[in-house]
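1. model the following, please.
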Amino acid sequence: MTNNIFKTSLIATMALFSTASFGEEINLDPIVVGADFREQNLSQVSGSVTVIGEEKLYDKATVPFAELVGSTPNVNFSSGASKAKYIQIRGMGERGQFETPINPSVGMVIDGIDFSNISLGASLFDIKQIEVLRGPQGTKFGANALAGVIFVESNEPTNDANGHIEATVGNYNTKAIGIAMNTPLIEDKLLARFSLYKNSSDGYITNAYLGRNDTNKIDELTAKAKFKWFVSDNHTIDLTLMHVDIDNGYDVFNEFNTRTTYSDQPGKDTQKTDAIAIKSVYQVQSIYHIESRASYSNSDLEYSYDEDWSDGGYYSSSDQYLRDKEQLDLDVRLVSDEDGKLFNGSTAWTVGAYYKKYTSDLVRNNTYFTAPFLSTYDAESIAVYGQLDISLTDKWLLIAGFRGEQWKTDYSDSDNTTFDDSENLVGAKVGIEYHASSEQLFYVTLARGYKPGGFNPVTDTSGLPKQYNTETLWNIDAGLNSTYLNNKLHSRINFFYGKRKDQQVGTSYVTQSYKYTDYITNAEKGTYYGLEGSIDYSPTEELMLYANLGLLQAKFDTFYNPVDHVSKDGRTPAQSPEYQYSVGVTYSFMDNWRFKSSLDGRGSYYFSNSHDQKSDSYALLNASLEYFSGDWSAVVWGRNLTDTEYHTRGYYFDNFGTGEALYTQLGDPRTIGLTLSYDF
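-> The predicted structure is shown next:
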């Protein structure tokens with residue numbers, strides 16, 4: 001049945017994209033993608049890319065970041081925390097973190113700062129656009145981009161003095177206020193933009209034991225300052241300062257899988273990050289320019305919870321993970337300009353070097369520990385990379401990219417365990433583009449991605465191997481970007497196929513009937529394939545329709561799990577729904593009104609690789625109605641309007657002495673609110 005749905009959807013999608021009538025030659029969409037070496041219009045970008053623009057971000061500042069990007073094709077999310085914050089692309093990505101140091105499968109860059117694995121601090125206020133790049137991005141982003149990269153860009157400073165302020169109220173005591181101000185400090189020379197956003201809510205949990213309704217509260221503050229300095233006619237420097245202060249509660253699990261908990265020691269899910277990023281673009285001469293980037297971030301995180309989810313009737317325990325993460329990134333590249341193209345002006349080029357230093361210190365406190373568990377994980381990376389864009393003819397373009405990276409790691413902990421490793425990693429990309437016309441781009445891309453291996457801090461008595469290997473991935477993308485009907489309809493369709501070697505698999509093993517430990521191992525081989533498609537259609541100036549579709553078939557080709565000594569050949573990995581979709585409409589009427597609605601759905605998927613429990617498929621209905629007059633606007637919005645029950649995390653074990661059972665975290669219920677905004 002699943003394969004029939006998959007094949008039927010493929011045929012229907014291909015028919016839709018091939019039967020629309022062509023209009024006359026026109027310029028394609030103006031959306032600019034900046035995540036690659038050169039800025040390009042979205043319609044001219046080869047590969048599977050989705051851009052979430054300002055029109056879709058406008059009334060979503062209070063939406064969890066992971067859930068918003070999860071409305072794009074083949075992007076999923078999981079919680080196991082105060083809210084959804086772990087992201088998976090094409091079934092690849094983490095679902096949580098406990099003792100084990102992990103390298104992310106999905107990279108996240110916010111204004112030039114690496115927020116991979118600390119996405120709790122991702123805010124949607126004053127954001128220009130979000131770019132979701134699916135598939136390995138090993139040439140440009142290296143080790144943190146096996147599955148893809150999410151690139152977030154805030155609004156830039158401009159010469160105009162203006163500002164924006166908005167306030168939100170909603171059910172569950174939701175309150176938010178944000179202000180953004182743009183000011184030229186020295187006109188045409190030094191520009192600045194400042195933003196501040198505060199978001200709070202009691203959350204959706206009632207703790208019956210403590211008589212509280214805020215044990216899973218949301219309390220988030222994000223502050224940004226961006227400066228643009230025109231040093232000279234050929235030199236620009238951008239500076240970004242960011243402060244994030246997240247003080248969320250964490251109290252969601254209970255024996256009955258409801259929104260009523262009985263914990264006597266509710267936990268926390270917090271993040272405090274201070275970060276800085278500097279970007280310099282210097283036009284040396286008309287031949288090439290130099291782009292230099294540096295960023296630094298320091299994050300203090302707490303993840304804690306009541307381990308028994310009760311007042312201690314069966315056993316009483318709490319668990320706390322305190323992490324201090326510090327990261328430095330340096331990137332320098334030379335990028336050719338029009339006069340610098342090689343071979344009679346046919347070949348654009350990019351060469352660069354990259355350095356990364358990452359440290360994560362952990363303090364774990366547990367009720368049953370006689371002393372805290374301490375560990376330190378250091379990772380250091382040095383890489384060189386390059387790319388050639390070769391115009392074979394006026395219609396054919398060949399792209400060839402390479403990245404060589406040396407990755408070093410050191411680990412030590414209070415159990416007197418030490419580990420160090422050094423390995424050389426290689427990423428590559430070869431692609432061919434055929435620009436049939438200004439309205440059609442065909443492409444095929446072969447890319448190699450990688451994810452460094454690591455170390456499990458498990459005890460020797462477990463009998464499990466401590467080390468796991470580096471994963472490599474070969475991925476093929478083939479697609480078509482098109483514009484039809486006099487620029488009224490834009491479409492992208494991408495077919496993909498991937499082979500994974502030494503696939504890193506997150507699983508777990510039971511240490512006591514009610515306690516288990518996370519564990520990472522390798523599956524020898526894995527395969528996935530599917531498609532991503534999107535359509536935006538504006539038949540009139542007042543009406544805009546869109547649809548996104550993601551289809552995914554993934555499996556372990558060869559996987560013997562050392563935890564339970566069971567072969568799982570042919571099984572689908574966790575967090576790999578077979579389909580996802582999002583359809584929506586925006587309709588403007590009576591000059592001052594705008595209505596938006598969307599339906600976001602996804603199929604069933606395994607919660608974990610260590611058990612066979614699945615989520616249910618679901619669809620969420622969202623809508624908003626906006627009235628605007630001059631510089632004022634008011635938006636009444638509602639999410640999950642049908643109050644659909646769905647689950648964002650699931651564990652299967654014996655936590656109450658009654659046998660193994662599935663325990664799930666519920667997604668957000670129906671939420672409604674009002675947002676007022678003023679532009680000045």
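2. wasn't E156 part of a helix?
-> No - counting by DSSP: H, G, I helix; E, B strand; the rest coil, E156 is not found in a helix; it is coil.
3. contacting residues for it?
-> K128, R193, K226, K228 (Cβ atoms under 8 Å, 6 or more residues apart in numbering). For glycine as for every other residue, the C-beta is placed from the backbone atoms N, C-alpha and C.
4. helix or strand for the nearest residue to Y434 once chain neighbours are set aside, which one?
-> Leaving aside its sequence neighbours, Y434 sits nearest to F442 (Cβ to Cβ, 6 or more residues apart in numbering; 4.3 Å). In the assignment (DSSP states H and E), F442 maps to strand 440-451.
5. next structured bit after that strand?
-> Remark: after strand 440-451, the chain's next helix or strand is strand 454-455, criterion DSSP H and E.
6. packing partners of that next one?
-> strand 396-413, strand 467-468 (3 or more Cβ pairs under 8 Å, 6 or more residues apart in numbering; DSSP states H and E).
7. so what touches that strand?
-> T100, P101, I102, N103, T409, Y411, F419, D421, K466, Q467, Y468, I520.
8. quick one on the thing from earlier: reformat the contacts of E156 as JSON lines; add neighbour count, secondary structure and pLDDT.
-> Output for the contacts of E156, formatted as JSON lines (neighbours: other Cβ atoms under 10 Å; DSSP: H, G, I helix; E, B strand; the rest coil; pLDDT from 0 to 100):
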{"residue": "K128", "neighbour count": "15", "secondary structure": "strand", "pLDDT": "94"}
{"residue": "R193", "neighbour count": "22", "secondary structure": "strand", "pLDDT": "98"}
{"residue": "K226", "neighbour count": "22", "secondary structure": "strand", "pLDDT": "98"}
{"residue": "K228", "neighbour count": "21", "secondary structure": "strand", "pLDDT": "98"}
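9. from the residues you listed, pick the one nearest G601.
-> Closest approach to G601 among the contacts of E156 (Cβ to Cβ): K128, at 27.7 Å.
10. show me the contacts for the closest one.
-> Here K128 is in contact with G53, E54, E153, S154, N155, E156 (Cβ under 8 Å, 6+ apart).
11. what sits opposite the closest residue to F373 other than its chain neighbours in the beta ladder?
-> Closest residue to F373 apart from its sequence neighbours, by Cβ to Cβ, 6+ apart: R364 at 4.1 Å. Beta-bridge pairing for R364 (DSSP bridges): Y321, F373.
12. now R364: how far from E99?
-> For R364, the distance to E99 (Cβ to Cβ, to the nearest Å) stands at 6 Å.
13. show me the common contact partners of these two, please.
-> Jointly contacting R364 and E99 under the rule Cβ under 8 Å, 6+ apart are Y321, F373, S375.
14. so which of those residues is the most crowded?
-> Ranked by neighbour count (other Cβ atoms under 10 Å), the shared contacts of R364 and E99 have S375 at the top, with 21 neighbours.
15. give me the nearest residue to that one, chain neighbours excluded.
-> Closest residue to S375 apart from its sequence neighbours, by Cβ to Cβ, 6+ apart: D413 at 3.8 Å.
16. the one you found is in contact with P372, isn't it?
-> No - with contacts counted by Cβ atoms under 8 Å, D413 stays clear of P372, the gap being 10.8 Å.
17. excluding sequence neighbours, find me the nearest residue to W593.
-> Y627 (5.8 Å).
18. tell me the contacts of that neighbour?
-> Contacts of Y627 by Cβ under 8 Å, 6+ apart are N592, W593, S633, A634.
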